[in-house]
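> 3D model of this:
(chains A, B and C)
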Amino acid sequence: MTTDAVDTIRPERGRREFAEVMTFPAPEDAGPVIADGLLDFVFAQIWTRPGLTRRERRFITLACVADADAEQPIVEHVYAALNSGEVSITEMREAVLHFAVYAGWPKASRLNMVVDQQWERINQQRGQQVPPPEPLLPLPTPSDPEARLTSGEQCFMDVNCLPYYPDRDDPYQGAGILNFVFGEMWQRPGLGMKERRLITVACVAFQDAPYPIMSHVYAALKSRDLSFTEMDEFALHFAAYSGWPKASYLSQVIAEQKPRVQAEWHAEDEKIS
Amino acid sequence: MTTDAVDTIRPERGRREFAEVMTFPAPEDAGPVIADGLLDFVFAQIWTRPGLTRRERRFITLACVADADAEQPIVEHVYAALNSGEVSITEMREAVLHFAVYAGWPKASRLNMVVDQQWERINQQRGQQVPPPEPLLPLPTPSDPEARLTSGEQCFMDVNCLPYYPDRDDPYQGAGILNFVFGEMWQRPGLGMKERRLITVACVAFQDAPYPIMSHVYAALKSRDLSFTEMDEFALHFAAYSGWPKASYLSQVIAEQKPRVQAEWHAEDEKIS
Amino acid sequence: MTTDAVDTIRPERGRREFAEVMTFPAPEDAGPVIADGLLDFVFAQIWTRPGLTRRERRFITLACVADADAEQPIVEHVYAALNSGEVSITEMREAVLHFAVYAGWPKASRLNMVVDQQWERINQQRGQQVPPPEPLLPLPTPSDPEARLTSGEQCFMDVNCLPYYPDRDDPYQGAGILNFVFGEMWQRPGLGMKERRLITVACVAFQDAPYPIMSHVYAALKSRDLSFTEMDEFALHFAAYSGWPKASYLSQVIAEQKPRVQAEWHAEDEKIS
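Numbering: from 1, shown residues only, chains lettered A, B, ... in the order given. Okay, the predicted model is just below:
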C-alpha cells in the first residue's frame, strides 16, 4: 500500500481519485463512513493501487454494487463507467447478461434498467440521440441443439480449464450449463475474456458456493487471464465492495489454488521439453 | 393459528411436525434457537398452518435454504423433499434449473451437487440402483432462433400477464430473457406452473430487486396460480426462512398488488358481461 | 480517524488489535487482503476507533459474518467473542435466536452449530465440562394467544417507537410479527436492548429492504438506545464487514432519520414545557 508521510494528504487524494473514477465531485459533507471510509480508504488507498487498471476495477465494482442492491451506488458506478468512456455501451450490456447468469436475473433486471436510464442521461447531457442498439440476430452460436451442446461442451472445457464436461442428461447441466451458459453466453462477442473473468469471480465470491469459487479462481489463474498479482489485488478490491468475510474466504481459496496451478504449469513444461 | 392452552404441548407438536416434514427426528439437545425458535415457532407454528400444503412449502423452503448457503439445511431439506416422496427427482432437477436462473448459477451448482448426493443416499438406503436420468434431447422448444424468440415473447407475456414483451436487441433481454429464460426454461415440462411461481417469488424476494418482486407477485396473483390467501401465507413462510426484513418488503408489495389485481379482474368481468 | 505520523506503525497496530480482539495472533504470511486490508485497515483503523466499544462491535461483526456465510470468519469471531469473556454463552445463544428472525433460519442454523462447537472447544481448552444449558420453559411470555398478541402489540410499539401496531389478521403480521417476533422473541431475557438493536440494524442493512432499514434506524435513534455518534460509527464498522454499497445506503438513511428524530424530540420537549 502506498503511504503518505503526512496523513492529511490522504483525504485530498481520496477526493481527487473519487472525482477521476466517478466523473463527478466527491460529496462535501461527510460522516465517518464517507470521510474516513469511502474517501480515505476505498478511493485513496484501494482505487489508486497498481495491480489492476481502473477499467478492470470497474467490472469488479459493477458486479459488487449490483449484487449489494444499493440503488445509489449502482446508478453512480454505471454512470461513471459509461461516462468515463472506459466501458462501452456494448460491453456494459454484455456485462449485464453475464452478471444475470452468475448473480441471478432479478438483480440483473434492475441493473439493466439502470444501464438504460444512465445511457440515456449521458446521451442527453451530450446533446446526442441514443444510438440504435445492435441487432440480436444472427446469434453467434449454432441453432441445432446437438451442435450447440457440442460447442457448449468444448467451451465449458476451455473456460474451466478442465479435460471433461458435465453430463447433459440433467436439466441444470444440460439445458442450463451446456446449452445456454457455455453453449451461448460465454461465446458471445462484445466483452473480452478478462472482463468476463472479473465479473465471474466477483459473482461466485459473493454467491458463497464453495465449488464454483474454487473452480473459477483456478480457471482464471490457470488460463493466465488473471495473473497471481492481479488475483490478489482482486481480493482486496472485492473486500471493500463486498465485505471482509467473503473476501477472506476468497483470499484463502486463492492461496490454495496458486500452488496447484504452478504445479500444473510445471508439469506441463516438463512434458513439452 | 391453532394454539394450545398449555405451552408444554407446543414443543411436542414442533418435534412431531419436524419429524413428519424432515423424515428424521428433531435434534434432542436444544438451546433457545432450536427449542424456542426452530421447533416451537418454525415447525409447530408455521409448517402446521393451513393455506399452503406441505409440498408447496417445500419448494419455498428449498429456494430459501439454497439462497442462504447454509450447508446443513440445504442437505436436510433436499433429503426430506425427496425421501418423503412429495417431490419427485424430475421435479427437483427442474427446480434446480429454475432456481439457477433466478438465484444465480453458483448457488444452483451447489444445490445440484447436493441433489445428486442425497438422491444417491436415498437410493442406497432403499437398496436400489439410482435410476438412469431422463435424456435432455429433444428440447421441448424450437431450435430456429427466430422461432425460439417468438415463442419466448409469447411465453413472456403469458407468464408475466403482460400485453407486451421486451425489445430483443439488448443482450440481457434478447439473448437472455427471450431466448433462454422464457424461450426455453419456463417452457420445460417436469415442473408445474404453481411450483415455478413458488420458486420464482421466493427468489425475487431474496434478490431484493424491486421491479421483479412487484412483477412476479402481480403475475402470480393475476394468473390465479396463487390465491390471495396463499400469497399471504407465502410471506409468513418466507419470513421464517429468509428473515423478516425481506418478508416485510414482500408483504408490502403483496398488499399493493392485491387491489391492482382485483381492479383488473373487475374491469375484465365488466368487459365480458 | 486516529492517524499515525509514520505509516509503518500501522501494520503493527493492526496485529496488536487483531490479537486483542480475536484472542489469537494475526496470520503471519499475508497477501494484500490480509496485510493491507484486514490488518492495516479493518483492525488498525476500524476496531481501534472510539464511538462503539469492542464488545458492541462484536455483535455487529457476528451478524455480518454470519450473513456473509464465510466459514472461517464465523468460527473465529464466535470463538473470539466467547473466549474473550466479553459475550456470555447466554447472550450468544439469544443473539443467534435474534439473528434467526432477522436473517432467516438457515443462516442461523449454521451459526448455532458453530456456537455449539466453539463453546465446546473453549471449555475443552480450559479443561472444563460444558455447563448444562438453561431450560427453555417456562417461557417469559403469556401462553394465552390473546394475551400474547396483546403483549406483542405493546412490545411492537415500544421497540419501533410507533403509536400503532399492525393488523393481526394477516399471517405475516399476526402469526409472525405480533405472535412471535414481538410477542416472544424481543421480550426474552438474556440479551440487552442495545445489543438487540445492534444485531437488528446490521441484519436489516444487509437484507436490503428499505422500509425495515428506515424503521429500525429510526427506532434505534429515537429510543436513545444508540446515540447519533454510535450510529455513524456503526455504519463505518458495517461497511468493513458488509461492503461499501450497503453501508452507503445505510449511511444515507441515517442522515435522513437524524433530523426527523431531532424534530420529534424537540416537539416532545415543547409539549412538556
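
> Run through the residues that contact the residue in the stretch 151-273 of chain A positioned nearest to chain C.
Closest residue of the stretch 151-273 of chain A to chain C, CB to the nearest CB: residue A:245 (3.7 Å). In short, each C-beta sits where N, CA and C put it, glycine included. Residues in contact with residue A:245, defined by CB atoms under 8 Å, 6 or more residues apart in numbering or on different chains, are C:64, C:65, C:68, C:69, C:70, C:73, C:74, C:241.

> How much space separates the last one from residue A:254?
Spelled out, it's residue C:241. 20 Å (CB to CB, to the nearest Å).

> And those two? Which one has more around it.
Ranked by neighbour count (other CB atoms under 10 Å in any protein chain shown), residue C:241 and residue A:254 place residue C:241 first, with 27 against 24.

> For burial, what's the neighbour tally of the residue lying closest to that one once chain neighbours are set aside?
The shortest distance from residue C:241 to any non-neighbouring residue, by CB to CB, 6 or more residues apart in numbering or on different chains, is to residue C:64 (3.5 Å). For residue C:64, the neighbour count with other CB under 10 Å is 27.

> Check whether residue C:64 really touches residue C:203, as I assumed.
No. Using CB atoms under 8 Å, residue C:64 is not in contact with residue C:203, being 9.1 Å away.

> If we go by neighbour counts, what in whichever strand or helix holds residue A:91 is buried?
Secondary structure assignment for residue A:91, by DSSP states H and E: helix A:89-103. Neighbour counts over helix A:89-103 (16 or more other CB atoms under 10 Å in any protein chain shown) mark A:89, A:91-103 as buried.

> Could you do stretch A:196-212 as well?
For stretch A:196-212, the neighbour count (16+ other CB under 10 Å) marks A:196-210, A:212 as buried.

> give me every residue that touches the residue minimising distance to the centre of chain A.
The centroid of chain A falls nearest to residue A:199 when counting by CA atoms, centre = their mean (2.2 Å). Residues near residue A:199 by CB under 8 Å, 6+ apart: A:59, A:60, A:62, A:63, A:95, A:98, A:99, A:102.

> redo that, cut-off 10 Å
A:59-60, A:62-63, A:66, A:94-96, A:98-99, A:101-103, A:191 (CB atoms under 10 Å, 6 or more residues apart in numbering or on different chains).

> Same question for residue A:102.
A:63, A:67, A:108, A:181, A:185, A:196, A:199-204, A:206-207, A:212, A:216, B:104-107.

> quick one: which of these sit in strands?
Among those, DSSP state E puts none in strands.

> The buried residues of stretch A:196-212 in helices, which ones?
Among the buried residues of stretch A:196-212, DSSP state H puts A:196-207, A:210, A:212 in helices.

> Can you add pLDDT and give the residues you listed back as TSV?
Output for those, formatted as TSV (pLDDT from 0 to 100):
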residue	pLDDT
A:196	98
A:197	98
A:198	98
A:199	98
A:200	97
A:201	97
A:202	97
A:203	96
A:204	95
A:205	94
A:206	91
A:207	88
A:210	88
A:212	94
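
> out of those residues, what pair is the most spread apart?
A:196 and A:210 (21.2 Å; CB to CB).

> Tell me where the model's unsure across chain A.
Chain A contains residues with pLDDT under 70 at A:1-10, A:29-30.

> buried stuff in the lengthiest helix in it?
Longest helix in chain A, counting residues (DSSP H): helix A:244-272. Buried positions in helix A:244-272, judged by neighbour count with 16+ other CB under 10 Å: A:244-255, A:257-258, A:261.

> if we take these, which one ends up nearest to residue C:231?
For the buried residues of helix A:244-272, the nearest to residue C:231 is residue A:244 (20.9 Å; CB to CB).

> And the closest one, how close does it get to residue B:104?
Using CB to CB, residue A:244 is found at 22 Å from residue B:104.

> So which of the contacts of residue A:245 belong to helices?
C:64, C:65, C:68, C:73, C:74, C:241.

> Of all pairs in those, which one is the farthest apart?
Taking CB to CB, no two of the ones in helices among the contacts of residue A:245 sit farther apart than C:74 and C:241, at 11.7 Å.

> And stretch A:118-125, what's buried?
Neighbour-count burial for stretch A:118-125 [16+ other CB under 10 Å]: A:118, A:119, A:121, A:122.

> which parts of the stretch 51-200 of chain A sit against chain C?
When proximity is defined by CB under 10 Å from any CB of the partner chain, the stretch 51-200 of chain A lies next to chain C at A:51, A:61, A:64-74, A:76-77.

> for those residues, which one is nearest chain B?
Closest approach between these and chain B, by CB to the nearest CB: residue A:69, at 4.3 Å.

> ok, the closest one - contacts?
Contact analysis of residue A:69 by CB under 10 Å, 6+ apart lists A:106-107, A:110, B:207-210, C:206-210, C:245-246, C:249.

> quick one: what helix or strand has residue A:130 in it?
For residue A:130, there is no enclosing helix or strand under DSSP H and E.

> Kindly indicate whether the closest residue to it other than its chain neighbours is helix, strand or coil.
Closest residue in space to residue A:130, ignoring its immediate chain neighbours: residue A:123 at 4.7 Å, by CB to CB, 6+ apart. What DSSP: H, G, I helix; E, B strand; the rest coil gives for residue A:123 is helix.

> Make sure residue A:123 is actually in contact with residue A:79.
No. Using CB atoms under 10 Å, residue A:123 is not in contact with residue A:79, being 11.9 Å away.

> looking at it, residue A:147 is touching residue A:183, isn't it?
Yes. Residue A:147 lies in contact with residue A:183 (CB under 10 Å); the separation is 9.1 Å.

> who has more neighbours, those two?
Ranked by neighbour count (other CB under 10 Å), residue A:147 and residue A:183 place residue A:183 first, with 26 against 13.

> Mind telling me what element the residue nearest to the more buried one when sequence neighbours are not counted is part of?
In this structure, residue A:183 finds its nearest non-sequential neighbour in residue A:152, 2.9 Å apart by CB to CB, 6+ apart. Element membership for residue A:152, per DSSP H and E: helix A:145-160.

> Quick check: chain neighbours aside, which residue is closest to residue A:250?
Residue A:250 sits nearest to residue A:205 (CB to CB, 6+ apart), 4.6 Å away.
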